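In: after the sequence you'll find the predicted model.
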There are 2 protein chains.
Amino acid sequence: MSWNTLQQNRAARLQRARAALGNELDGKSLPAARIADLLHAALECGDRVCLEGNNQKQADFLGHALANLDPARINNLHMLQSVLALPEHLDVFERGVASRLDFSFSGPQAVRVARLASAGKLNIGAIHTYLELFSRYFIDLPPRVCLIAAEAADRHGNLYTGPNTEDTPAIVEATAFKQGIVIVQVNRIVDTVPRVDVPGDWVDFVVQSPRPYYIEPLFTRDPAQISEIQVLMAMMAIKGIYAEYGVQRLNHGIGFDTAAIELLLPTYAESLGLRGKIGKHWALNPHPALIPAIEAGFVQSVHSFGSELGMEDYIHARPDVFAIGPDGSMRSNRAMCQAAGHYACDMFIGSTLQIDLQGNSSTATAGRISGFGGASNMGADARGRRHASPAWLKAGEQARAGRNTIPRGQKLVVQMVETFREHMQPAFVERLDAWELMEQAKMAIPPVMIYGDDVSHILTEEGIANLLMCRTDEEREQAIRGVAGYTPVGLARDKRMVENLRDRGIIQRAEDLGIDKRMATRDLLAARNMKDLVRASGGLYQPPKRFRNW
Amino acid sequence: MSWNTLQQNRAARLQRARAALGNELDGKSLPAARIADLLHAALECGDRVCLEGNNQKQADFLGHALANLDPARINNLHMLQSVLALPEHLDVFERGVASRLDFSFSGPQAVRVARLASAGKLNIGAIHTYLELFSRYFIDLPPRVCLIAAEAADRHGNLYTGPNTEDTPAIVEATAFKQGIVIVQVNRIVDTVPRVDVPGDWVDFVVQSPRPYYIEPLFTRDPAQISEIQVLMAMMAIKGIYAEYGVQRLNHGIGFDTAAIELLLPTYAESLGLRGKIGKHWALNPHPALIPAIEAGFVQSVHSFGSELGMEDYIHARPDVFAIGPDGSMRSNRAMCQAAGHYACDMFIGSTLQIDLQGNSSTATAGRISGFGGASNMGADARGRRHASPAWLKAGEQARAGRNTIPRGQKLVVQMVETFREHMQPAFVERLDAWELMEQAKMAIPPVMIYGDDVSHILTEEGIANLLMCRTDEEREQAIRGVAGYTPVGLARDKRMVENLRDRGIIQRAEDLGIDKRMATRDLLAARNMKDLVRASGGLYQPPKRFRNW
């Protein structure tokens, strides 16, 4: 029996690659023009290939090269990918280079994923959360080849990622130590990298891309677009949840709802005397909307999954807050930050598209296979967690009061939605579109983003429903209906039961929280537009062009 | 407002260290004799200090030096530590150098931890699981100084860990990128390290220890000590759970119960035709007891938290199975393997000391504060998980059949115990000792290792109780009593209800599974003693002395 087939296979690939590139291979480095030759030589049909498409930086040069390979030579690849963001990510399937996919998120390409899947050109293994996908790279889905992106490399292959470290270390480790091939595109090749993010002896081939890798400013929200409804909801969140539980360690989902909260910390939360009492430690990308709260001394630390375009100089100038390397730039780490979001945070708060009567929420809609990203991981009770904190204990007490179970804490998982979303679509539904998508896409179970039994609170403009304190399925249903406003679900509420829930504090309206709705104006935002954010940063934040109208 | 206090403080520490060491500092390297001077200079009172004491390798030279510092100069340190294993780990508290502790496991020192805590010399922050503790290093508990261990370093501080990578990368990353000080003891300083596990620019000081770091062969079990009761239980596990659910990806807890299962794979499981159908992918340390199953072709891959003493040559010769670096030795990674154990495995199976009537289990006993290690993390339903597998779907269906909840999968979490443990202590109790320990140690909640609502099966010599299929608290209680044998808890069963549960397949006896108890002899073990394991490995496995009687 042979026990080193992987090593032998690796040696054969390296041999083929060297033969194909000849003396154009300079150590580990090859000319960009020869990338197709390298890939044709190093890949084999049916390979599991991890392409670094994540939700921020993209190994776009390598992705483009992959999509243009000769499908007669390389086909049936099994793509492993955090995020399908670019057209090339689907072209590999369209062209028959790849046929199978395991992934986490495909927001921008969700329609095309669904179309290719139903056309039989793309066979979906499973949809994962990020940390779960990385975990499988170490167990049953080790990449045979990975195609990744870094800022710079030296001649030994040592990689410098700068602030967008993101998924890279996890992918490379999983690949390199199972005798896979690691191919990296870099923006530049240098004599000495500013710091080493991935050791050179884990890297096989380096190619300098003709253009810097593409990066998406995904977490930037223009405060000018925040509505006064969102200001009101943010006030309720701060007073009714952050202050109520004393939430010190948290993660915010992406979107305007949570951006509004970030912008109310130095104004509304400050006026309630909450500085130092809430929001000290964050598992969060460097949201520009957090700048005013950082400047006001609300925020002690931020650890990030990735970086955010335009925030580089600001981060560099705030090394007490962010994780900064010896070179002065940030190091992010999606795997460790997802672990931290799950295990070291007391609260996740984020938005969704649909919520059903059990509190299950989903961003799935018919005809779009979009996946979950990291929300499902952050928005799940961490049942392996054992350390206590006041917020965690209080949530656990509320969930278990009067029940014959052993005491434990619980994570706060808050879903924050307006009762109607765009185009007057109700956010509350009797039945999630996820059921329909399950049938369309032949999934084993409906793609739920956050399960109802993990949700602690639902917050709308009508109030807060505390699901922890509900004792029966019926109470839970009425608590949800009781904040569902004028949606059909909300209108079908049992009014007496809802008033009873309100008497018991399970439903709280703004007035129950002592919030004067007249205060809920945009004046309360610490920054009202992008320019205000730049100003708050002392000119250090440099928004990408598309966010500038000056 | 100053935003770089951490950087300034780091510079001051480095400055003091350089002044203290003078020209005895050669680059990053200092003589072992000067370690106290370095620590006195680089540390400050009240520092959070992460000492690499994990459950295998120990930064014992640095730990010893720390314990012998002058408490008049350095005191009130806040120790962060995976495992308290050595006397020095408690001496720091005894001598007043440290006063506060956040940790995961203290098995060998549990009595002394309890004694020092009640004497007021050791203030426990919290007890964590490993990944949870690492997560906090990135959020609210970044180490100011870390003291770690590696196999070798070069003059730039590049570290080589060999197979015992374990906790090191997570600790160093969390420390270095918050401007902390990274001090490493190495067994040797070399010109070129065989591979880079931690980049040199993350490392500040290197000291060659007079002796190689201590390492504990924690996962080695002598097959000679496996009883025929354990063989019977292992047969029930394989036929009643592994085969029943088709478990392909799993983690085994530590102990003789699971060692027995490992040793029955090439014999009993093979006879049932299960090769290729169960146990292909493992999140597991390189258990010597797994050697026969690997040799028989049962095991496709093993990713490890740490290594195991004596397994080095065997691992090196089986690179298809283990994660092997360019140097030919393994790379382990406790953080990623804990993530994988949580998210990429369908089953955790392990032992415990006590189980109550709700299925809550604990290894806590009065007067011993021992912590959890990783079992709580692996033995918890991964509620953030979204990818499906047959085993996960089947467990989820059983748990939700007839309930009005949205379908989802569930992790198999199996607690495997003999009804009586050593000294005829019953494993089943009305009330866990954890309650008493909570009061003694003034904990907020009782220290439960695995919560009953995460447990899917309890397996004893009397049979298997499937808790997933129980529909009421009473059924669950009787299912547990029904496998609790002659313990008081077992004797108090409602016999009719237990027979009813058996009719419904919720309780299964050996005979219900078609297992002939007469087959349950030690002859069924693929190795019956350490010599057999060595033989199975083709002489590659070299057991530590204490396990050899030849």
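Out: That came in fine, so what should we check first? Because the structure is predicted, anything quoted here is derived from the model rather than measured.
In: could you use CA atoms for every contact and neighbour count after this?
Out: Will do.
In: after the helix or strand where A:M235 lies, next one along is what?
Out: Take DSSP states H and E as the rule and A:M235 turns out to sit in helix A:228-237. Going down the chain from helix A:228-237, the next helix or strand is helix A:243-245, by DSSP H and E.
In: pull the residues that contact that following helix.
Out: For helix A:243-245, the external contacting residues (C-alpha atoms under 8 Å, 6 or more residues apart in numbering or on different chains) are A:L274, A:K277, A:I278, A:P390, A:A391, A:K394, A:A395.
In: mind checking how far the fourth one is from A:R408?
Out: So the one you mean is A:P390. For A:P390, the distance to A:R408 under the criterion C-alpha to C-alpha, to the nearest Å works out to 12 Å.
In: find the closest residue to chain B in the stretch 51-200 of chain A.
Out: Among residues of the stretch 51-200 of chain A, the one nearest chain B by C-alpha to the nearest C-alpha turns out to be A:S135. It sits 4.3 Å away.
In: confirm that that residue sits in a helix.
Out: Yes - when classified by DSSP: H, G, I helix; E, B strand; the rest coil, A:S135 is found to be part of a helix.
In: pull the number of nearby residues for A:G240.
Out: As a burial measure, the neighbour count of A:G240 was computed by other C-alpha atoms under 10 Å in any protein chain shown and equals 22.
In: mind listing the strands for the stretch 251-400 of chain A?
Out: Counting by DSSP state E, counting those that start in this stretch, residue ranges of the strands within the stretch 251-400 of chain A are A:281-283, A:301-303, A:347-350, A:354-355, A:361-362.
In: quick one: those as JSON lines, columns for distance to chain B and mean neighbour count too.
Out: What follows is the strands of the stretch 251-400 of chain A, written out as JSON lines (distance: least, C-alpha to the nearest C-alpha, whole Å; neighbours: other C-alpha atoms under 10 Å in any protein chain shown):
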{"stretch": "strand A:281-283", "distance to chain B": "6", "mean neighbour count": "27"}
{"stretch": "strand A:301-303", "distance to chain B": "6", "mean neighbour count": "27"}
{"stretch": "strand A:347-350", "distance to chain B": "12", "mean neighbour count": "26"}
{"stretch": "strand A:354-355", "distance to chain B": "12", "mean neighbour count": "29"}
{"stretch": "strand A:361-362", "distance to chain B": "11", "mean neighbour count": "25"}
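In: got TSV for the ones you listed, with mean pLDDT too?
Out: Compiled in TSV, those are given as follows (pLDDT from 0 to 100):
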stretch	mean pLDDT
strand A:281-283	98
strand A:301-303	98
strand A:347-350	98
strand A:354-355	96
strand A:361-362	92
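In: any chance of these in JSON lines, plus distance to B:G46?
Out: What follows is these, written out as JSON lines (distance: least, C-alpha to C-alpha, whole Å):
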{"stretch": "strand A:281-283", "distance to B:G46": "20"}
{"stretch": "strand A:301-303", "distance to B:G46": "19"}
{"stretch": "strand A:347-350", "distance to B:G46": "28"}
{"stretch": "strand A:354-355", "distance to B:G46": "47"}
{"stretch": "strand A:361-362", "distance to B:G46": "45"}
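In: looking at those strands, which is nearest to A:G374?
Out: With C-alpha to C-alpha as the criterion, A:G374 lies closest to strand A:347-350 of these, at 10.9 Å.
In: isn't A:T365 right up against A:R431?
Out: No - the pair A:T365 and A:R431 does not pass the contact test of C-alpha atoms under 8 Å, sitting 11.6 Å apart.
In: of these two, who's got more company?
Out: Neighbours were counted for A:T365 and for A:R431 using other C-alpha under 10 Å; A:T365 has more, 19 against 14.
In: ok, the spatially closest residue to the more buried one that is not a sequence neighbour - contacts?
Out: Nearest residue to A:T365 in three dimensions, chain neighbours excluded: A:D433, at 5.3 Å (C-alpha to C-alpha, 6 or more residues apart in numbering or on different chains). Counting by C-alpha under 8 Å, 6+ apart, A:D433 makes contact with A:S362, A:A364, A:T365, A:A366.
In: pLDDT of stretch A:119-138, averaged?
Out: pLDDT averaged over stretch A:119-138 equals 96, rounded to a whole number.
In: restricting to C-alpha, output that stretch in PDB.
Out: Presented in PDB, the C-alpha positions along stretch A:119-138 are these (Å, rounded to 0.1, in the frame of the first residue of the first chain):
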ATOM      1  CA  ALA A 119     -29.200  24.000 -16.000                       C
ATOM      2  CA  GLY A 120     -27.100  21.200 -14.500                       C
ATOM      3  CA  LYS A 121     -23.800  23.100 -15.100                       C
ATOM      4  CA  LEU A 122     -23.100  23.700 -11.400                       C
ATOM      5  CA  ASN A 123     -23.600  21.000  -8.800                       C
ATOM      6  CA  ILE A 124     -23.800  22.500  -5.300                       C
ATOM      7  CA  GLY A 125     -22.200  20.400  -2.600                       C
ATOM      8  CA  ALA A 126     -23.400  22.600   0.300                       C
ATOM      9  CA  ILE A 127     -23.800  26.200   1.400                       C
ATOM     10  CA  HIS A 128     -21.700  27.000   4.500                       C
ATOM     11  CA  THR A 129     -20.800  29.800   6.900                       C
ATOM     12  CA  TYR A 130     -17.200  30.900   6.500                       C
ATOM     13  CA  LEU A 131     -15.700  29.300   9.500                       C
ATOM     14  CA  GLU A 132     -17.500  26.100   8.700                       C
ATOM     15  CA  LEU A 133     -16.100  26.100   5.200                       C
ATOM     16  CA  PHE A 134     -12.600  26.700   6.400                       C
ATOM     17  CA  SER A 135     -13.100  23.900   8.900                       C
ATOM     18  CA  ARG A 136     -14.000  21.500   6.200                       C
ATOM     19  CA  TYR A 137     -10.700  22.400   4.300                       C
ATOM     20  CA  PHE A 138      -8.900  20.700   7.200                       C
END
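In: circling back: so for B:L43, which of the strands of the stretch 251-400 of chain A sits nearest?
Out: Across the strands of the stretch 251-400 of chain A, B:L43 has its closest neighbour in strand A:301-303 (21.8 Å, C-alpha to C-alpha).
In: quick check, central residue of chain A?
Out: Note on chain A: the residue nearest the mean C-alpha position is A:G374, at 4.2 Å, using C-alpha atoms, centre = their mean.
In: how far away is that one from chain B?
Out: Shown here: A:G374 relative to chain B, a distance of 9 Å by C-alpha to the nearest C-alpha, to the nearest Å.
In: let me know the pLDDT of that residue.
Out: A:G374 carries a pLDDT score of 92 in this model.
In: how about the one 3 residues further on?
Out: Per-residue pLDDT puts A:N377 at 97.
In: picking up where we left off before, what sits closest to the residue of the stretch 51-200 of chain A closest to chain B if chain neighbours are left out?
Out: Closest residue in space to A:S135, ignoring its immediate chain neighbours: B:A340 at 4.3 Å, by C-alpha to C-alpha, 6+ apart.
In: wait, the one you found sits on A:L141?
Out: No - the pair B:A340 / A:L141 is not scored as a contact, 11.3 Å apart, by C-alpha under 8 Å.
In: pick out whichever of the two has more residues nearby.
Out: More neighbours sit around B:A340 than around the other of B:A340 and A:L141, counting by other C-alpha under 10 Å; the figures are 31 against 21.
In: that concludes my questions; thank you for your assistance.
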